[in-house]
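here is my input, please return the structure:
(chains A and B)
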Amino acid sequence: MRRHTLAVLVEDHPGVMNRVMSLFRQRGFNVDSIAVGHSETPGLSRMTLVIQGDDQTVEQLSKQLYKLLEVIKVTDVTGDNLIQRELALVKVAASERTRGDIMRLVSEVYRARIVDAAPDTLVIEVTGPSEKIDSLITLVRPYGIKEIARTGCAAIERGSGAVVVARDEAVA
Amino acid sequence: MVAETERAAAEAQPSAEVPSTGARVLCRALEREGVEVIFGYPGGVVIPLYDVLPEFGIHHVLVRHEQGAAHAADGFARASGKVGVCLATSGPGATNLVTGIATAMLDSIPIVALTGQVSQSVIGSDAFQEIDITGITLPITKHNFIVRRVEDIGPTIQKAFHLAGTGRPGPVLVDLPKDVLLGHGELAPADPVNLPGYRPTIVPHRRQLRRAAELLRSAERPLILAGHGILISGATDELVAFANQAQIPVGLTLLGIGGFPGSHPLCLGMVGMHGFSHANHAINEADVLVGIGMRFDDRVTGRLSEFAPHAKVIHIDIDPAEIGKNVPADVPVVGDARETLKLLRGEVGELNHDPWLELLATWRKRPPSGPVNPRGPLAPQYVVERLHALTGGRAIVTTDVGQHQMWTAQFYSCDTPNQWITSGGLGTMGFGLPSALGAALARPAAEVWAVVGDGGVQMTMFELATVVQEQARVKLAIVNNGYLGMVRQWQQLFHNRNYSETPISAPDFMLLAQAYGIPGRRVCHPDEVDEAIAWARAVDGPTVLEFRVNQEENVFPMIPSGASIRDMIEEDLEWE
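Sure, this is the predicted structure:
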């Protein structure tokens, strides 16, 4: 069991997410996070999936994904070479007394930003690998967290290689 | 000048009178795919389609329940190798198809299900008879579509048939909103189907083939497990040639029956839970196992950790997701069964496994077939044996699910492809009669028998009306033991004979047949069996035979669910 990150290129049609999620639910795959957005190719979206599983489970998941008509390419990008980023917005309780501590903590240690301040709350914007965000959340939790919104992880490999679609690559 | 104007007016006339509606575009698209028969049932939103259907050369079969339409399309597809088509209205019509679509999904059967949908202006408003059928059928279709514009009808139908019938076949559903059926447009010329996310691998990888051949050349006790993929790809001749040349015995999965001739000396018959004991022992002793067009279903393998303990596995399938799913493959080969066998035959050359084949010959054993006292009680196995003998083993045989299905699989040996039609993966009771109807329409000249139980037949017996309406020559053989027999067998063996809710009453099947205007005979003793079958065969039209059989006959051998061959029960040890 380890964490795998998959880059999945899918056709940008209505209902594609539904098919992908239905597949995960039906076959009992555990997904930690999903992030979706347009890719470099018009008409294709890129999903970044973070999943827990052994190599065989991930292979099976990848093969099942390929059976979906709109899935064009599945690449396991797990490895040291991976840049992973997630964005989180965290609304945390902050009194006059604690505000300074929180601001110092998040800006100095996490290089996060304060994007809103109200008399009794702060909104922190933080970007980074999911572990860094987990760690920030753990640290500010004692102050009282009001809300968390996370985007899920987006990932791309270092260097000049790229996850792109070759003409004859897709399989059924 | 005048003449030209008149001609132009005359040409314009028909199109003014007969506007090209979405419904007509759909019918033309279906004709273009070669559709000759549709199994369907009208309803509110598909009235526009039914309005124009008689204009086209497509025969519509009016079933009595939409589940019957899906099963009939399935039986049609299995008997003919073509794509079967069923049609239902929105809402309950569509949901009634669901069991039939799921049956086709689990058994990789090419059907196209057409459903009506409410007009797009009211989709999402819980309109009358609105249901999200594409959502419901998401996990039980190979793919599904909702058509939004008239101009999309043609390309969608083309894609649907392409997807249903190629690669690993399966059901495809096309949802058609009423406003699309009523809209105006033309059928666009057929374009080559372009689906970038769908390219089945037909020709296998050369290197994997060489590895497979190497493994086979080193094998002393090789065994082929042939599944439904042989039938789907039409690989029977290649498989026979391959087995002959490499002298490898062949075991069949339930759905593989007919893919390799049952009477061939290398054929070991069915494997798995109720497979022949020698076939299962062969798996247990094999050193190389070649799975072709099969998916190592739990009914085949039993306990995975003890399955084929000495064997290296070569797994050939067109669906890469099946390889390594249940049983790890030493040599994975993705490809079409026929193409792969053709190439593999070239790589392997001639082999000889005489000692192994001689050993297997000493194990050969038929399943227990019950008592045969002519005036004594009637053994269901005997009924199937006689049916096999009297039809020369050449009939198309459909079944329901349960004990009678297993006895038929054991005792109705098939020598040709597409004559054995049964619900394997989903195990759908009620499948036998409507699938026989579909088979009879696909192959009107063939003799078609539906062997069913008294439980399953009561789920869909109203399709007798359809059989009569079509004058389909379906011979119904009801194996009546007064129980939901397979569940009763499990209750007997594993639940202390607690026959909870398995004794089941039935109507008087002779009166039922009479009510439908179908001639029938009831058979209670072995010495009446031959005459009754001969009588039914002589009737030009549907018949009903009811066989009152031993109530507590069991199906053996049996490897209990989740167990291994060591736990195989060969016959009734509790004989009192």
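
list the residues that contact the residue nearest in space to the middle of chain A.
In chain A, the C-alpha closest to the average C-alpha coordinate belongs to A:Cys153, at a distance of 1.5 Å (CA atoms, centre = their mean). Taking CB atoms under 8 Å, 6 or more residues apart in numbering or on different chains as the definition of contact, the neighbours of A:Cys153 are A:5, A:32-33, A:35, A:48, A:50, A:84-86, A:129-130. In short, each C-beta sits where N, CA and C put it, glycine included.

return the member of those nearest to chain B.
A:Thr48 (18.5 Å; CB to the nearest CB).

quick one, domains of chain B?
Structural domains assigned to chain B are B:18-182, B:206-363, B:380-555, following automatic domain parsing.

tell me the pLDDT at the residue nearest to the centre of chain A?
A:Cys153 carries a pLDDT score of 95 in this model.

please report how far it lies from A:Arg85.
Between A:Cys153 and A:Arg85 the distance is 7 Å, computed by CB to CB, to the nearest Å.

so what sits against both of these two?
Taking CB under 8 Å, 6+ apart as the contact definition, A:Cys153 and A:Arg85 share the neighbouring residues A:Pro129.

buried stuff in the lengthiest strand in chain A?
As far as residue count goes, and with DSSP state E defining each element, the longest strand of chain A is strand A:82-93. Using 16 or more other CB atoms under 10 Å in any protein chain shown as the test for burial, strand A:82-93 gives A:84-88, A:90-93.

after that strand comes which helix or strand?
Downstream of strand A:82-93, the next assigned helix or strand under DSSP states H and E is helix A:96-104.

helix/strand/coil for A:Val36?
Reducing the assignment to helix, strand or coil with DSSP: H, G, I helix; E, B strand; the rest coil, the entry for A:Val36 is strand.

what's near enough to touch the residue in the stretch 451-576 of chain B positioned nearest to chain A?
With CB to the nearest CB, the shortest gap between the stretch 451-576 of chain B and chain A falls at B:Gly562, namely 18.5 Å. For B:Gly562, the contacting residues are B:298, B:302-303, by CB under 8 Å, 6+ apart.

same thing but at 7 Å, please
Applying CB atoms under 7 Å, 6 or more residues apart in numbering or on different chains, we find B:Gly562 in contact with B:302-303.

what pLDDT is listed against it?
Reported pLDDT for B:Gly562: 92.

same thing with B:Cys27?
The predicted local confidence for B:Cys27 comes out at a pLDDT of 98.

please check the contacts of A:Cys153 and keep the buried ones.
For the contacts of A:Cys153, buried by 16+ other CB under 10 Å: A:5, A:33, A:35, A:48, A:50, A:84-86, A:130.

for the residues you listed, give me TSV that also has pLDDT and distance to chain B.
Formatted as TSV, the entries for the buried ones among the contacts of A:Cys153 read as follows, by pLDDT from 0 to 100; distance: CB to the nearest CB, whole Å:
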residue	pLDDT	distance to chain B
A:Thr5	95	21
A:Ser33	92	22
A:Ala35	95	21
A:Thr48	96	18
A:Val50	94	21
A:Gln84	95	26
A:Arg85	96	27
A:Glu86	96	28
A:Ser130	92	29
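
A:Ser33 is in contact with A:Ile51, isn't it?
No. Counting by CB atoms under 7 Å, A:Ser33 sits too far from A:Ile51 to count as a contact (8.8 Å).

for chain A, which residues are neighbours of chain B?
A:11, A:18-19, A:22, A:26, A:56, A:59-60, A:63-64, A:67, A:69-72, A:170-172 (CB under 7 Å from any CB of the partner chain).

in the stretch 151-300 of chain B, which residue sits closest to chain A?
Nearest residue of the stretch 151-300 of chain B to chain A, counting by CB to the nearest CB: B:Pro200, 4.1 Å away.

which ones are touching residue 156?
No chain in the question, so chain A it is. Going by CB under 7 Å, 6+ apart, A:Ile156 touches A:Ile83.

ah, I was thinking of chain B
Residues in contact with B:Thr156, defined by CB under 7 Å, 6+ apart, are B:145, B:147, B:174.

try it again with 10 Å
Contacts of B:Thr156 were listed using CB atoms under 10 Å, 6 or more residues apart in numbering or on different chains, and they are B:26, B:29, B:145-149, B:172, B:174-176.

got it, and B:Glu570?
The contact partners of B:Glu570, taken as CB under 10 Å, 6+ apart, are B:277, B:365, B:367-368, B:556-558.

one more: B:Val147?
With CB under 10 Å, 6+ apart as the criterion, the residues that contact B:Val147 are B:22, B:26, B:114, B:117, B:120, B:153-157, B:160, B:174-177, B:180-181.

and those, which of them are in strands?
Under the assignment DSSP E, the contacts of B:Val147 contribute B:114, B:117, B:174-177 to strands.

B:Ser505: which of those is nearest?
Each of the ones in strands among the contacts of B:Val147 was checked against B:Ser505 using CB to CB; the closest is B:Leu114, at 37.4 Å.

who does that closest one bridge with?
When bridges are taken as DSSP bridges, the partners of B:Leu114 come out as B:Leu87, B:Val174.

quick one: buried residues of stretch A:140-159?
Counting neighbours by 16+ other CB under 10 Å, one finds that the buried residues in stretch A:140-159 are A:140, A:143, A:150-155, A:157.

can I get the residues you listed in TSV with distance to B:Asn498 and secondary structure?
Supplementary listing: the buried residues of stretch A:140-159 in TSV, determined by distance: CB to CB, whole Å; DSSP: H, G, I helix; E, B strand; the rest coil:
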residue	distance to B:Asn498	secondary structure
A:Val140	59	helix
A:Tyr143	61	helix
A:Arg150	52	strand
A:Thr151	55	coil
A:Gly152	51	coil
A:Cys153	53	coil
A:Ala154	57	strand
A:Ala155	55	strand
A:Glu157	60	strand
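
which sections of the chain are below the confidence cut-off?
Reading this off chain A. A:166-172 (pLDDT under 70).

wait, chain B was what I had in mind.
Counting by pLDDT under 70, the low-confidence segments of chain B come to B:1-17, B:371, B:573-576.

can you rerun that using 50?
Within chain B, the stretches with pLDDT under 50 are B:1-2, B:9-16, B:575-576.

show me which residues of it sit near chain A.
Contact residues of chain B with respect to chain A, defined by CB under 10 Å from any CB of the partner chain, are listed as B:134-135, B:138-140, B:142-146, B:148, B:159, B:163, B:166-168, B:170, B:172, B:195-201, B:318-325, B:328, B:334.

which residues are contacting stretch A:107-115?
Contacts with stretch A:107-115, where a contact means CB under 10 Å, 6+ apart, come from A:88-90, A:92, A:94, A:99, A:102-103, A:105-106, A:122-128, A:132-133, A:135-136, A:139-140.

swap in 7 Å and give it another go.
Outside of stretch A:107-115, the residues within contact range by CB under 7 Å, 6+ apart are A:103, A:106, A:122-126, A:132, A:136.

go on, stretch B:391-398?
Residues beyond stretch B:391-398 that count as contacts (CB under 7 Å, 6+ apart) turn out to be B:75, B:79, B:408, B:412-415, B:419-422, B:432, B:435-436, B:439, B:443, B:446-451.
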